[in-house]
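Undergrad: just a sequence and a predicted model for now, questions to come.
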Amino acid sequence: MTTLARPTANRPLTHHRRPIAALVAVAGGLLLAMLWSFELVDHVIGDSVANSVLGTDAKQTVIGGSAAGALFAFVSGFAGTFTACNIAVFGALPDVAGRADGSRRGRVAAVLAPLGWLALGLVAVAAVYGFVAVLIGSRLPQLSTATVGSGFPVRLVQASVVFGLIGLAFAALGLAALGLLPDPFANRPTARLVTLGALVGGFLVGRPYPLFHKLLEQAVDSHNPFYGALALVLQSLGNILVMVVLALLLVLGTRGGVQRWLSRPGRAGLLVGVALLVLGAFLVFYWDVRLPAKFGYGWFPTMPWNA
């Protein structure tokens, strides 16, 4: 089994090209934040996926009991894969695919092993937040219907803070992968994957996605913190289902071709760095610039479909 490609090692990018790659990535994140339509991905795509899997209107579904809640948690997580909140999970794909090599069984094992570490960080954050959320109950800002200032919902203030911090963390990891910042994970690929998983798990702390909001309310109403932890863990596992399938398809479908392509000096570092920086910039621009501007705090360009 080969080891995870280290983004800082043997990078062919010259010093003057690294800042150019970073600027292009930030510009890409800004463009994505301008074009993104939450109505399309949350309601048209997300709700349609959940409705199709459940066979009913997910928003109108009455979650009766723990078993129904567990199913709803996983399905809403799967549907939430396509929302703005969870797109950053795909930043880990180059790292995961870059490990695969050898026989078919070896390639599968090489993909599942790093995904397991990614899931560990994700599950840990989801379980803790689910447990604590039930203990806090209706006082949780994420469940608040109150507003501040010029009508800025408290739950969206929480989302703005949480996603802004996560975006900065992804941006820092992207800059490190490009060699513009020291890479704390240069020799610790496992820690890198656990950290990426924890950051993705942190989306739950701010997610305003309606189906997740419905699940969180049901978990709090159960007054059972262990159920709350389980529900959010299942939601998170549903989130990464698409990524697991994509990673397996990329590695098995190309018979290790993806790994060989990423093994070229600097290629994995460039791909990971740009991906994480685009996604980090998107989160910051979307949640900390575009969202406040919607409530009169600052300015951000508005597309016709987002007016």
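TA: Received it, and whenever you're ready, just let me know what you need.
Undergrad: quick one: the helices in the stretch 201-307 of the chain, in order.
TA: 210-222, 225-239, 241-253, 257-262, 267-285, 291-294 (DSSP state H, counting those that start in this stretch).
Undergrad: need these in TSV with distance to residue 35 and mean pLDDT, can you?
TA: For every residue, glycine as well, the C-beta is placed using N, CA and C. What follows is these, written out as TSV (distance: least, C-beta to C-beta, whole Å; pLDDT from 0 to 100):
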stretch	distance to residue 35	mean pLDDT
helix 210-222	22	87
helix 225-239	23	91
helix 241-253	21	77
helix 257-262	28	68
helix 267-285	10	87
helix 291-294	15	94
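Undergrad: who wins for proximity to residue 157 among those?
TA: Residue 157 lies closest to helix 291-294 among those, at 9.1 Å (C-beta to C-beta).
Undergrad: which residues touch the closest one?
TA: Identification of contacts with helix 291-294 by C-beta atoms under 8 Å, 6 or more residues apart in numbering yields 152, 156, 159-160, 298-300.
Undergrad: give me the buried stretch members for the helix ranked longest in the chain, please.
TA: In the chain, ranked by residue count with DSSP state H as the criterion, the top helix is helix 104-136. Neighbour-count burial for helix 104-136, counted by 16 or more other C-beta atoms under 10 Å, picks out 107, 110-115, 117-127, 129-131, 133-134.
Undergrad: which secondary element of the chain has the worst mean pLDDT?
TA: helix 93-97 (a mean of 61; mean pLDDT, DSSP states H and E).
Undergrad: are any of the contacts of helix 291-294 buried, and which?
TA: Buried among the contacts of helix 291-294 by 16+ other C-beta under 10 Å: 152, 156, 159-160, 300.
Undergrad: can you tell me the element residue 180 falls in?
TA: Of the helices and strands defined by DSSP states H and E, none includes residue 180.
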